[in-house]
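*Asks:* sequence? don't have it. structure:
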């Protein structure tokens, strides 16, 4: 028997008229509350903190699953390559406490959350998490005072923190939909009209022909696609998996992400014949999960950061990176008029 949240999430993708009838009034109420919160921020009624360096928000109007984290990693890496000392802050969803934590090489997913830990390990840049993102930003600057700017992974609706730039990530799969709605009838945190107020829109999984009718033709628009890299063994990342050598293997794919079917389809497209797929809840604590017996178990990098202290010889990891076009880092630099520190 499906749980209530599963029924609603299925409804978001394939709306049921009877459920829309029940939930639409709640969505209108949610929209009024969201609009009031934002208006208080714009009018100055809501107190907000400003960090000592420029802050770029990379967020979304969806409740999860927009492809935001790989975009953050790619943007930060590109800024670093251009000589800008960049930091990352996040709320650290899924960690065991709400204390401020500046990440170190010894940090775990329990300390920092899976996505911030993944970003820290991928980019190597200073990263901090806190329930209040302003506290994360101040702690990061106290530890790394030479930062040129900070990128916030998520936090578009966290108006208590002033931002110098907003980048909204929007999934290409939803650009043609006419049945999108606010929570709980849909999976939007803010209406589509919010997109026009951002400094840039990035369509994840899209191409240059992808458009949103609610935006003007001159609105800064970027596109990202995920590029897979060789699958590696969790216990020995130097060892790569050749899909051609797995024809007779019992292969299981497991993912604790917002849209696991994308991960499973990617593996199938790479030539892996999956015996079983395990779709776990987003941010699930996979470290406590008992995997079924299999020759090969393939997981995401987001899940892999939670298993680094477990010796699992049959677990392999699929790394991905976002390719962004045109050059988003250059746009950020120009928009903020940044100059690298001496």
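*Replies:* That came in fine, so what should we check first? Every value quoted in this text rests on a predicted model; they were computed, and no experiment measured them. Residues are numbered from 1 along each chain as shown.
*Asks:* count of neighbours near residue 216?
*Replies:* Using other C-beta atoms under 10 Å, residue 216 has 7 neighbouring residues. Bear in mind the C-beta positions are built from the backbone N, C-alpha and C, glycine included.
*Asks:* so what's the closest residue to it other than its chain neighbours up against?
*Replies:* Computed as C-beta to C-beta, 6 or more residues apart in numbering, the closest residue to residue 216 that is not its neighbour in sequence is residue 196, at 7.3 Å. Applying C-beta atoms under 8 Å, 6 or more residues apart in numbering, we find residue 196 in contact with 214, 215, 216, 219.
*Asks:* ditto for residue 9
*Replies:* So residue 9 contacts residue 187 (C-beta under 8 Å, 6+ apart).
*Asks:* show the average pLDDT along whichever helix or strand it is part of.
*Replies:* Element membership of residue 9, judged by DSSP states H and E, is helix 4-13. Averaged across helix 4-13, the pLDDT comes to 84.
*Asks:* next one: it to chain centre, how far?
*Replies:* On the basis of C-alpha atoms, centre = their mean, to the nearest Å, helix 4-13 sits 20 Å off its chain's mean C-alpha point.
*Asks:* the next helix or strand after that helix packs against which elements?
*Replies:* Note on helix 4-13: by DSSP H and E, the next helix or strand toward the C-terminus is helix 17-43. Under the contact criterion of 3 or more C-beta pairs under 8 Å, 6 or more residues apart in numbering; DSSP states H and E, helix 17-43 touches helix 4-13.
*Asks:* show me which residues of the helix it packs on are buried.
*Replies:* For helix 4-13, a neighbour-count test (16 or more other C-beta atoms under 10 Å) marks 8, 9, 11, 12 as buried.
*Asks:* quick revisit: surely the residue nearest to residue 216 forms part of a helix?
*Replies:* Yes. According to DSSP: H, G, I helix; E, B strand; the rest coil, residue 196 belongs to a helix.
*Asks:* against residue 48, how distant is the closest residue to residue 273 other than its chain neighbours?
*Replies:* Leaving aside its chain neighbours, residue 273 sits nearest to residue 251 (6.5 Å; criterion: C-beta to C-beta, 6+ apart). As for residue 251, its distance to residue 48 is 49 Å (criterion: C-beta to C-beta, to the nearest Å).
*Asks:* more neighbours: the two, which one.
*Replies:* Per other C-beta under 10 Å, whichever of residue 251 and residue 48 has more neighbours is residue 251, with 21 against 14.
*Asks:* beta partners of the more buried one?
*Replies:* When bridges are called by DSSP bridges, residue 251 pairs up with residue 274, residue 296.
*Asks:* pull up the gap between it and residue 261, please.
*Replies:* In this view, residue 251 and residue 261 are 16 Å apart by C-beta to C-beta.
*Asks:* cool, and residue 291?
*Replies:* With C-beta to C-beta as the criterion, residue 291 and residue 261 are 19 Å apart.
*Asks:* quick one: which of those two has more around it?
*Replies:* residue 291 (15 against 11).
*Asks:* where does pLDDT dip in the stretch 1-150 of the chain?
*Replies:* Applying pLDDT under 70 to the stretch 1-150 of the chain picks out residues 1-2.
*Asks:* can you give me the strands in it?
*Replies:* Using DSSP state E, counting those that start in this stretch, the strands of the stretch 1-150 of the chain run over residues 55-59, 86-90, 101-102, 127-129, 149-153.
*Asks:* give me whichever of these is most buried.
*Replies:* Compared across the strands of the stretch 1-150 of the chain, strand 127-129 shows the largest average neighbour count, a mean of 29 (mean count of other C-beta atoms under 10 Å).
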